[in-house]
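Colleague: Sequence plus the predicted model coming up.
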Amino acid sequence: EAAVTQSPRSKVAVTGGKVTLSCHQTNNHDYMYWYRQDTGHGLRLIHYSYVADSTEKGDIPDGYKASRPSQENFSLILELASLSQTAVYFCASSDGWGSQNTLYFGAGTRLSVL
Amino acid sequence: QQQVRQSPQSLTVWEGETAILNCSYEDSTFNYFPWYQQFPGEGPALLISIRSVSDKKEDGRFTIFFNKREKKLSLHITDSQPGDSATYFCAAYDTNAYKVIFGKGTHLHVLP
C-alpha cells in the first residue's frame, strides 16, 4: 500500500524562526506535493515537484521554499515563520499528473507559530 | 480566480438516509473531478472520481452525478452509515495543464 510519512506530526515554532517539514514516500512516485489546509480554505497547493532536484511553485508559494533531494524525500521550509503560517500541512505523492494518478496523502503536520 | 465551490458546508443526516454533497466550478478547462474523503487526524484519501466525458460514476453506495453544461456535480451517499462521517473534498483538474483546485469541503455527520 502507498505510504507517505510526514515528520514531525506537530510542531510549535516561534515567529521569525526557521521551520522544516519533512516528507518521505515509499511509493516510487515521481510527483510530490505540499498542501496547506486551513479552516474555511480547504486544501491549497504550495509547491510540487516531478523530479529530484527540481521544484515548482503552486498557488500559494510566498513564504515557503521546497527541496527535493531525492525521489523519496520532499521538504517544505519556512525560513521566517509567521503567525499566518499556522495551519495543517499535508504532503502527497502521485505516480504522474492527471486523471490516471491518485494523490496519496500523508497524515499531516500541525504547525502552530506563536 | 478559479473557484471550486462546495455546499453545504456541513450536513447532518440519519443513518440509512441519502446524503447529497454538491460541487460547482467555473473553469471550463477542468476535465477530471476526484472526491477525497478525510477522517479527523488523517490525510485525505481518494473516494471516487469522474471524467468530464461521463455523466455518472457509481461505486457501491457512492455515486457522482455530473452536469457539464451547468458545471455542477454532486456526490450521493446512499444508506449513509456513521462510519461515513468525514469531510469530503471535491477537486477539479485541468489535466492538460498543471492545474488543480480543491473545494473547501463538506463536513458530513451521520447520526445513528
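Modeller: Noted; the coordinates are in hand. Numbers count the residues shown, from 1 in each chain, chains lettered A, B, ... in the order given.
Colleague: check contacts around A:Ser112.
Modeller: A:10-13, A:86 (C-beta atoms under 8 Å, 6 or more residues apart in numbering or on different chains). Just so you know, the C-beta spots here come from the backbone N, C-alpha and C atoms, and that holds for glycine as well.
Colleague: Mind doing that once more with 6 Å?
Modeller: A:12, A:86 (C-beta atoms under 6 Å, 6 or more residues apart in numbering or on different chains).
Colleague: and it, that one's in a helix?
Modeller: No. Counting by DSSP: H, G, I helix; E, B strand; the rest coil, A:Ser112 is not found in a helix; it is strand.
Colleague: What's opposite it in the beta bridge?
Modeller: A:Val12 (DSSP bridges).
Colleague: now swap in A:Ala66 and tell me
Modeller: Beta-bridge partners, per DSSP bridges, of A:Ala66: A:Leu76.
Colleague: burial count for the residue of chain A found nearest chain B?
Modeller: At 3.1 Å from chain B, A:Phe105 is the closest residue in chain A, using C-beta to the nearest C-beta. If you count neighbours by other C-beta atoms under 10 Å in any protein chain shown, A:Phe105 ends up with 23.
Colleague: cool, and B:Lys99?
Modeller: Around B:Lys99 there are 16 residues (other C-beta under 10 Å).
Colleague: One more: the one 5 residues further on?
Modeller: A count of nearby residues for B:Lys104, using other C-beta under 10 Å, gives 20.
Colleague: With A:Ser49 instead?
Modeller: That count, for A:Ser49 with other C-beta under 10 Å as the rule, works out to 20.
Colleague: Am I right that it is in contact with A:Arg68?
Modeller: Yes. The pair A:Ser49 / A:Arg68 is scored as a contact, 4.1 Å apart, by C-beta atoms under 6 Å.
Colleague: what do the two both touch?
Modeller: A:Thr55.
Colleague: Stretch B:29-46 vs chain A: in contact?
Modeller: Yes. Counting by C-beta under 6 Å from any C-beta of the partner chain, contacts between stretch B:29-46 and chain A involve B:32, B:42-44, B:46.
Colleague: what's the most distant pair in these?
Modeller: B:Tyr32 and B:Glu42 (23.3 Å; C-beta to C-beta).
Colleague: returning to what we had before: just give the closest residue to the residue of chain A closest to chain B, not the sequence neighbours.
Modeller: Nearest residue to A:Phe105, sequence neighbours excluded (C-beta to C-beta, 6 or more residues apart in numbering or on different chains): B:Gly43, at 3.1 Å.
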